[in-house]
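K.L.:
I'll drop the sequence and a predicted model, then ask my questions.
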Amino acid sequence: MVAVGAGLITWIYAISLTSKNATERDFIEYWAAEQQLARGANPYDVGAILRLEQAAGMDGSSPKVSFSPPVALFFALPLGYVDAKTGLIAWLLLLLACVGATVWALWFLYRRPQSRFHLLAFAFPPTLSCLMAGQLGIFFFLAGVLFFWLHLTRPWLAGAALAVCALKPHLFLPCVVVLLLWSARRRDFRVVGGFVAALLLGSGLTLCLDRQVWTEYAQMMQSTRVLDVYMPTLSMSLRFLIDRSAKWLEFVPEAAGCAWAVWFYWSRRDRWMWTREGMLLLLVSALCTPYLWFSDEAMLFPAILAGIYASEKSPRAWILLGVITAASLIGVFWAIPLPSPFYLWTVPAWFAWYLYATRADQSVRTATATL
């Protein structure tokens, strides 16, 4: 059944998608970077990226360039040897497979319950947005669930799974702080070791193809002025409201979030459970980050699922979740651009709903009292 379903989806993609469709999604930036890397060229060369995207059918003269560091470019290298349409089909199938694998892992994480709440991941608006845009949020979703599931039984593998999060490290800084404290207190650095080993492997393989890739990445970041682009986050909105030129302002909430994370962990160090306290930590990380797309919010579904199980018999919680989900779907189905201020409310809404859904949990109430 899985094989037949995959074949049907592949056939639908093959007859409905074109190379031009690829240029209309964020996927094209990863494809173009891999095309460059496969030839030993600069994957962050804006001019070369523009020519590749225009040759694939893109209109206009504004290229889509990946701002992710070159820590895992090698693992998407197969995109460098196929055309844009074929690459898009393979990429979308990979994202669907990752969602399926994550849902399966969630079912095991919650000890194979009779309920099917974990299947709601397929209808979670940020997941749908990620599938439509071809973005990276689903990989972060998978990495987080694998960590929650394996950190005690397969710590090396759990740490290696987190390596993909280095593509957007700013999304997880409070989580990283707590992970280091948790490892140091337990005197067990196998999770950290797995993360570092996977990171070194990915970076090393990329360097084998382009020895100047880190220099090229730094030059691209300086020339594109990415810090001047508005993103719908509370941190960046704070900076734009107070002083647009004071870029340091958008990192103040991130620093505050890291400080809170230290207190949060230390006050619970004797009873810390990643599958419990880690959910609130994940939401706070997303709330404080200066850069976050709506599609990146796919990584928050484990926290939403935890809230669903905590409020399973609460009609009000379900109604509120339905309202938030329906409002989020407006942006997905109306194809509102991801940089739009429309998405400014979504992370605070997921955060507030989680607090409401888990309000009977004393540990959550105590933690949020300091926020």
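P.N.:
On my side now, so go ahead.

K.L.:
got any ranges where the stretch 201-350 of the chain has weak pLDDT?
P.N.:
Residue ranges of the stretch 201-350 of the chain with pLDDT under 70: 227.

K.L.:
for it, which segments count as helices?
P.N.:
213-224, 234-242, 252-266, 277-288, 301-310, 315-333, 346-357 (DSSP state H, counting those that start in this stretch).

K.L.:
of all those, which one is nearest Lys168?
P.N.:
helix 277-288 (11.1 Å; Cβ to Cβ). (C-beta placed from N, C-alpha, C; glycine too.)

K.L.:
buried residues of the closest one, list them for me.
P.N.:
Glu277, Gly278, Met279, Leu280, Leu281, Leu282, Leu283, Val284, Ser285, Ala286, Leu287, Cys288 (16 or more other Cβ atoms under 10 Å).

K.L.:
what about the third one, distance to Tyr30?
P.N.:
Using Cβ to Cβ, to the nearest Å, one gets 29 Å for the distance from Met279 to Tyr30.

K.L.:
what's downstream of the helix or strand containing Val103, the next helix or strand?
P.N.:
Secondary-structure assignment from DSSP states H and E places Val103 in helix 84-109. Moving toward the C-terminus from helix 84-109, the next helix or strand (DSSP H and E) is helix 125-133.

K.L.:
hmm, who's touching that following helix?
P.N.:
25-27, 92, 95-96, 99, 121, 135-138, 141, 294-298, 300-301, 325, 328-329, 331-332, 335, 338, 346 (Cβ atoms under 8 Å, 6 or more residues apart in numbering).

K.L.:
and these, which are buried?
P.N.:
25-27, 92, 95-96, 99, 121, 135-138, 141, 294-298, 300-301, 325, 328, 331-332, 338, 346.

K.L.:
roughly how far does the residue nearest to Leu88 when sequence neighbours are not counted sit from Gln114?
P.N.:
In space, and not counting its chain neighbours, Leu88 is closest to Ala22: 4.1 Å by Cβ to Cβ, 6 or more residues apart in numbering. According to Cβ to Cβ, Ala22 and Gln114 sit 41 Å apart.

K.L.:
settle it for me: which of these two has more neighbours?
P.N.:
Neighbour totals were compared for Ala22 and Gln114, and Ala22 leads with 26 against 4 (other Cβ atoms under 10 Å).

K.L.:
so that one sits against Ala84, correct?
P.N.:
Yes. Ala22 lies in contact with Ala84 (Cβ atoms under 8 Å); the separation is 4.0 Å.

K.L.:
what sits in contact with each of those two?
P.N.:
In contact with both Ala22 and Ala84: Ile28, Trp31, Ala56, Gly57, using Cβ under 8 Å, 6+ apart.

K.L.:
can you give me the neighbour number for the second one?
P.N.:
Neighbouring residues of Trp31 were enumerated by other Cβ under 10 Å; the total is 32.
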